[in-house]
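**Student:** pasting the sequence and the predicted coordinates here, then a few questions.
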Amino acid sequence: MLSAWLRSCLSSCLSLTTTILSSVAAVFATQRDIEGEVKRLQTALAKHNKLAASWTSSITKFNTALKEIGDVENWAERLEDDMRTVVDTLEMVHKGTVTAKQ
C-alpha cells in the first residue's frame, strides 16, 4: 500500500513540476519578447528624437531668417524715410523756401 501511495505522490510531484516548468518557460518567453519590444521601441524613440531635433533646428533657422528679413525691411523703411527727408529738403532749397546755410 505504501508503494502505491509513493507512486501516486511521485506522479503528482512530477505533474506539478511539469506544470510549473511549463509556466516558467512561458514567463521567460514573454520576458524575452518584452525585452525585444523594448529594444525596438528604444530604437524608434532615438530616431524620433533625432528627427525632432532636426525639425527644431530647421524651425530655429527659419525663425532667425524671418527676423533678419524683418530687420532688413525695417532698415529699408528707415532708409526710405531718410531719403524722402533729404529729397524734400533739396526740393525746398531748390524752390527757395529754405535758404542753404553757408
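**Tutor:** Structure's in. What do you need? What you are looking at is a predicted structure, and each value in this text was computed from that prediction instead of being measured.
**Student:** please enumerate the strands of this structure.
**Tutor:** Per DSSP state E, the chain carries no strands over any range.
**Student:** give me the below-cutoff pLDDT ranges for it.
**Tutor:** 1-2, 98-102 (pLDDT under 70).
**Student:** give me the distance between residue 38 and residue 75.
**Tutor:** 55 Å (Cβ to Cβ, to the nearest Å). Heads up, the C-betas are built off the backbone N, CA and C, glycines and all.
**Student:** cool, residue 14 as well?
**Tutor:** For residue 14, the distance to residue 75 - Cβ to Cβ - is 91 Å.
**Student:** now do residue 58
**Tutor:** For residue 58 relative to residue 75 (Cβ to Cβ), the value is 26 Å.
**Student:** please apply the same query to residue 86.
**Tutor:** Counting by Cβ to Cβ - residue 86 and residue 75 are separated by 16 Å.
**Student:** cool, residue 68 as well?
**Tutor:** The gap separating residue 68 from residue 75 is 10 Å, by Cβ to Cβ.
**Student:** distance of the residue nearest the centre of the chain from residue 26?
**Tutor:** When Cα atoms, centre = their mean is applied to the chain, the residue found nearest the centroid is residue 52 (2.6 Å). According to Cβ to Cβ, residue 52 and residue 26 sit 38 Å apart.
**Student:** next one: residue 67
**Tutor:** 60 Å.
**Student:** same thing with residue 64?
**Tutor:** 57 Å.
**Student:** pull the number of nearby residues for residue 75.
**Tutor:** When neighbours are counted by other Cβ atoms under 10 Å, residue 75 registers 10.
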